[in-house]
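Participant: structure of the sequence below:
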Amino acid sequence: MNFKFTKIQIKKINMICLFIIFLALIFINNQKSYIVYAGSNYSTIKRTESSEILFDCLETKIEILRDKIDQFSRKKNELLKEIDTVDKELLSLNLKIKNKSHFNVSKSFLKYQISCLKSKKNNLKTNLYDLHLEITELELKLRKKLDLLTKK
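Facilitator: Numbering: from 1, shown residues only. Predicted coordinates:
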């Protein structure tokens, strides 16, 4: 009989210990703070129910802004490649004029092609400048969102 009593007490003590460990794990999980990368700084954000919803919303907005910045940077790279090809074409046409190796094409037509290429190059440069402005604007918005995220 004494043996049964000690078994029951040991089971109760084990259950109480497991319950205390369970409560400790829950408490540690609620006290846990999350580290967020914001530029060159790491900051911590403590979780609450209201801030968690705001955090998720800001995270999605940040991801959308990063995707837009990536798309614009790809377009910027394409424009830079086009500008390089136009420069190469301009150089080849200028060499044709200087070397007088254009037997079937008149000099005025080559000059017309050069002027068209120059206008195309100028248009590409203005598009590149506009893209650069949009990228910087999006980066500023992204920094503001990250600042809001770190302040909360």
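Participant: flag the shaky bits of this structure, pLDDT-wise.
Facilitator: 1-8, 27-56, 101-103, 152 (pLDDT under 70).
Participant: can you pull up the most central residue in it?
Facilitator: The chain has R66 as the residue nearest its centroid, 2.9 Å off, counting by CA atoms, centre = their mean.
Participant: neighbours of the residue nearest to that one when sequence neighbours are not counted, just the number please.
Facilitator: Leaving out its chain neighbours, the residue that sits closest to R66 by CB to CB, 6 or more residues apart in numbering is L142, at 6.8 Å. (C-beta placed from N, C-alpha, C; glycine too.) The number of residues packed near L142 is 19, by other CB atoms under 10 Å.
Participant: mind listing what K145 touches?
Facilitator: Contacts for K145 (CB atoms under 8 Å, 6 or more residues apart in numbering) come out as L58, K61, I62, L65.
Participant: what strand or helix carries it?
Facilitator: Per DSSP states H and E: K145 is located in helix 107-151.
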